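Peer 1: Compute the structure for the input listed below.
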Amino acid sequence: MEWTDEAKTLFKQIPFFVRPFAKGKIEKLAEEMGATIIDKDIYIQAKAKFNDPKKSGEA
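Peer 2: Below is the predicted model:
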């Protein structure tokens with residue numbers, strides 16, 4: 001699956017040891033949404049879906 005440069009930049013903020021797992025989850029979600037390209041919007045949706053706000057300090 002293709003990623004936009006903007007999405008790639010955001011993806012690099014994820015710790016390197018989690019990236020392979022995160023990439024698979026993001027691409028699977030995008031595929032389920034019918035997307036063929038991962039862009040900033042899809043990345044943000046995936047992050048919101050998979051992040052636990054209790055762990056991230058957002059809640």
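
Peer 1: Do I have it right that residue 33 meets residue 43?
Peer 2: No: counting by Cβ atoms under 8 Å, residue 33 sits too far from residue 43 to count as a contact (11.9 Å). The way it works is simple: take the backbone N, C-alpha and C, and place the C-beta from them, glycine included.

Peer 1: And these two? Which one has more around it.
Peer 2: With neighbours defined as other Cβ atoms under 10 Å, residue 33 and residue 43 compare such that residue 43 has more, 23 against 10.

Peer 1: show me the residues around that one that make contact.
Peer 2: 7, 10-11, 26 (Cβ atoms under 8 Å, 6 or more residues apart in numbering).

Peer 1: and the two most separated of these?
Peer 2: Distance extremes for the contacts of residue 43: the farthest pair is 10 and 26 at 10.1 Å, using Cβ to Cβ.

Peer 1: okay, those two: which has more neighbours?
Peer 2: The residue with more neighbours, out of residue 10 and residue 26, is residue 26; 24 against 17, by other Cβ under 10 Å.

Peer 1: Please name the residues that touch that one.
Peer 2: Residues near residue 26 by Cβ under 8 Å, 6+ apart: 11, 38, 42-43, 46.

Peer 1: Thanks a lot, see you next time.
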